[in-house]
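>>> only the shape, not the letters, is given here:
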Ligand code: ATP
Ligand code: MG
């Protein structure tokens, strides 16, 4: 059964408490529109009009804040006789006085022509053909101006029945390109030669007002690419912008369209959502718009069972920590992020399996495999991250049940630091005893002699406890809510 089928089945009958109602509503909505799939057209009253031009004194872009390599690409293309501008998040962030994440270039040169200008250039992508110009570790993405399809044309070869775009490789003018972009604030062009900003879609006033507005007709634009709903939330959280009313209205009922997007693409989006420095705010918005349920339905269902319980606190704290680490320039691993995101359903399953005869470690391993497989129908989790994620989980039991000298060996385990950080999260959320967290914090600071003594003291304790347990009729191997 494919991921898409499994996801659709879930949205019909399980998971979301309102699943059936929601689905019925979508069938009606889709039946209306399936008959006329077409790509959204710009508003003809403004398309083709001349752009608002903002000269140097009316914007705050300083070329010293643009990557020298992006400037090299712009100059190289211009010297070869092409038009080339910075566009997208780079321009938006520079105008807001923020540090851009990357610099994207838009040009009238076709990908093959870009390749002729730059030696270290690779063409990539099928859905969007792009040129990647490489300078050591930095890659400057160069996109050819995208154009429109003819008005009313049925693009059965490039869209699905629901109007979703499969390929978008029709080239056009810079104005056309502006109208194909997602939000007005993402469609501003900076010409490094004239030092001017070009605005075809009213991006500049929206930027000043802190408004996130989809270009064109919102329903059609979300239908073309449902990932734009996730992008809306991401930019709103990151920039502190308000999503404009007409733009946000369809999101609640269109959230389910994300089930048509491949788990691989959604995984990439999840990373952008949670590793962009505003993870907590993003998470709250995702839940508000019912988008979180589309990405992590197993988590959503588990959290719904304990709305004020510690899984909720743990996840919020994990996201807050992620934001703090990013602000401090520390690395963040997707393994840890997914360990936190999927902890609630893992606990839920473990609880539900309490009656099995499996030992806690074996049970956790089996539940973890099951969970990773099921989550893969929504977002993929590459093995290089799902394996360490599972180690972080399985080490929780070993950290909780300190076993003499074996505890010392844990300290040098390659995943110790991540597992310990995860234990602290659980401690903060009230899931494990803070004294246990303190024990692991202190032992890391001690000399090896002091560590040995600490472990011996524990063994003494253990023996006493063991005797007590035997007298009481033997200890259970079953897991208790962890
Ligand atoms: P970030 O700061 O995350 O890089 P960004 O706006 O630059 O934000 P990118 O994913 O790098 O986002 O995309 C660059 C630009 O390409 C966007 O600003 C937007 O103009 C356009 N774009 C990207 N994805 C889409 C999409 N799904 N639909 C329409 N336009 C898009
Ligand atoms: Mg970008």
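Ah, there it is. Worth saying up front: this structure is predicted, and the values here are computed from it rather than measured. Numbers count the residues shown, from 1 in each chain. Ligands and ions are numbered 1, 2, ... in the order given.
>>> now do the closest residue to residue 110 other than its chain neighbours against ligand 1, distance only.
With sequence-adjacent residues excluded and distances taken as CB to CB, 6 or more residues apart in numbering, residue 110 is closest to residue 144, at 5.4 Å. All C-beta spots, glycine's among them, are computed from the backbone N, C-alpha and C. Using CB to the nearest ligand atom, to the nearest Å, one gets 13 Å for the distance from residue 144 to ligand 1.
>>> surely residue 144 meets residue 108?
Yes - counting by CB atoms under 8 Å, residue 144 touches residue 108, with 7.1 Å between them.
>>> picking that back up, mind listing what the residue nearest to residue 110 touches?
Contact analysis of residue 144 by CB atoms under 8 Å, 6 or more residues apart in numbering lists 106, 107, 108, 109, 110, 111, 114, 129, 171.
>>> phi, psi for the fourth one please.
Spelled out, it's residue 109. phi -70, psi 140 (degrees, to the nearest 10).
>>> host element of residue 452?
In this assignment (DSSP states H and E), residue 452 forms part of helix 448-471.
>>> what do you get for residue 413?
Going by DSSP H and E, residue 413 is not in any helix or strand.
>>> all helices of the stretch 351-482 of the chain, in order?
Listed in chain order, the helices of the stretch 351-482 of the chain (DSSP state H, counting those that start in this stretch) span 360-375, 383-400, 404-411, 416-428, 434-445, 448-471.
>>> out of those helices, the one nearest ligand 2 is which?
helix 383-400 (22.9 Å; CB to the ion).
>>> now the angle from the closest one to helix 360-375?
Helix 383-400 runs at 150 degrees relative to helix 360-375, counting by axes from the mean of the first three to the mean of the last three CA atoms, to 10 degrees.
>>> now do helix 383-400: everything it contacts.
333-336, 338-339, 342-343, 346, 360-361, 364-365, 368, 372, 381, 406-407, 410, 413, 415-416, 418-420, 422-423, 426, 432, 436, 440, 482.
>>> likewise for stretch 52-72?
Applying CB under 8 Å, 6+ apart, the contact partners of stretch 52-72 are 86, 90-91, 94-95, 97, 100, 103, 105, 133, 135, 138, 140, 190, 192, 195-199, 204.
>>> which among those residues end up buried?
86, 90-91, 94-95, 100, 103, 105, 133, 140, 190, 192, 196-199, 204 (16 or more other CB atoms under 10 Å).
>>> which ones among those residues are found in helices?
Mapping those onto helices (DSSP state H) picks out 90, 91, 94, 95, 204.
>>> local confidence estimate at the last one?
The predicted structure scores residue 204 at 97 on the pLDDT scale.
>>> can I get the helices of the stretch 351-482 of the chain in a markdown table with mean pLDDT?
Converted to a markdown table, those look like this (pLDDT from 0 to 100):
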| stretch | mean pLDDT |
| --- | --- |
| helix 360-375 | 91 |
| helix 383-400 | 94 |
| helix 404-411 | 81 |
| helix 416-428 | 95 |
| helix 434-445 | 92 |
| helix 448-471 | 65 |
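>>> of those helices, which is nearest ligand 1?
helix 383-400 (20.5 Å; CB to the nearest ligand atom).
>>> which residue does the stretch 1-150 of the chain bring closest to ligand 1?
Here the stretch 1-150 of the chain gets closest to ligand 1 at one residue, residue 89, 2.3 Å apart by CB to the nearest ligand atom.
>>> spell out, range by range, the strands that occur in the protein.
Per DSSP state E, the chain carries strands over the ranges 52-54, 84-87, 104-107, 121-124, 130-135, 138-144, 188-191, 196-199, 211-212, 242-243.
>>> got the buried residues for stretch 246-253?
Those would be 247, 248, 250, 251, for stretch 246-253 by 16+ other CB under 10 Å.
>>> ugh, wrong one, stretch 439-453
Neighbour count says stretch 439-453 has 440, 443, 451 buried, by 16+ other CB under 10 Å.
>>> including distance to ligand 1, could these go into TSV?
As requested, the buried residues of stretch 439-453 are exported to TSV (distance: CB to the nearest ligand atom, whole Å):
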residue	distance to ligand 1
440	37
443	41
451	45
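>>> export those residues to CSV and tack on distance to residue 309?
CSV is the format used below for the buried residues of stretch 439-453 (distance: CB to CB, whole Å):
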residue, distance to residue 309
440, 24
443, 29
451, 35
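>>> of the residues you listed, closest to residue 311?
Residue 311 has its nearest neighbour among the buried residues of stretch 439-453 in residue 440, at 21.2 Å by CB to CB.
>>> wait, the closest one touches residue 420, no?
Yes - using CB under 8 Å, residue 440 makes contact with residue 420 at a distance of 5.6 Å.
>>> the residue of the stretch 1-150 of the chain closest to ligand 1 and ligand 2, how far apart?
Between residue 89 and ligand 2 the computed distance is 4 Å (CB to the ion, to the nearest Å).
>>> same thing with residue 241?
According to CB to the ion, residue 241 and ligand 2 sit 16 Å apart.
>>> nothing else from me, thank you.
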